[in-house]
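**Student:** Next one to model:
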Amino acid sequence: MKTFSKVEWSVCVITVLILIYTFMPNVDHLSKQLTITKIRLEGVCRQIIEFEEANSKYPDPETWCVQVTLLSLGGVDILKYDNRGFLENYYDAWDQPFVYQRKEDGTVMLYSTGLNQIDENGAGDDIAFLIHNGKPELIRQKQQ
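**Tutor:** Residues are numbered from 1 along each chain as shown. Just a heads-up that it's a prediction; the model follows:
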């Protein structure tokens, strides 16, 4: 039975270390993207809750981000400004808009389509919050 020499072991260890360091930044970058997206989702959930408290209903699905933005800006005429600047927090870290769903049971689901950018209705790698009784709850965040 042949064993590895010290040189062969050294080459193996160096190769493994190079591979680890090559892929580590990608893991760190993904972690940052997940954190940014989660923070943005939490902020938008708070705005949706404030809207509901002020209007006794959740925003309409078709115009929810404009309605919530107008309320948070005190009724400012949003058309006078760069909409993308105001609506930046309504996009995830992969530059995809959040998905807003008002459910029949009176709850609201707000989610990002995640890294794969495929709308899986809050499942898969989607990062999803459910708003119920004025409280946001993280219901889905698949660990990568």
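**Student:** All the strands of this structure, residue numbers only.
**Tutor:** Assigned by DSSP state E, the chain shows strands spanning 99-102, 108-112, 127-132, 135-141.
**Student:** Can you add mean neighbour count and give those strands back as TSV?
**Tutor:** From N, CA and C alone the C-beta is placed, and that goes for glycine too. Converted to TSV, the strands of the chain look like this (neighbours: other C-beta atoms under 10 Å):
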stretch	mean neighbour count
strand 99-102	18
strand 108-112	23
strand 127-132	22
strand 135-141	15
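**Student:** and the residue most central in space within the chain, what does it touch?
**Tutor:** In the chain, the residue lying closest to the centroid (C-alpha atoms, centre = their mean) is residue 37, at 3.1 Å. For residue 37, the contacting residues are 92, 93, 94, 112, 114, 127, by C-beta atoms under 8 Å, 6 or more residues apart in numbering.
**Student:** For this protein, just list every one of the helices.
**Tutor:** Along the chain, counting by DSSP state H, helices occupy 6-55, 64-72, 83-87.
**Student:** What about residue 69, how many residues nearby?
**Tutor:** A count of nearby residues for residue 69, using other C-beta atoms under 10 Å, gives 20.
**Student:** Could I get the pLDDT score of it?
**Tutor:** Turning to residue 69, the model gives it a pLDDT of 70.
**Student:** Could you check how far it is from residue 127?
**Tutor:** Separation of residue 69 from residue 127 (C-beta to C-beta, to the nearest Å) stands at 21 Å.
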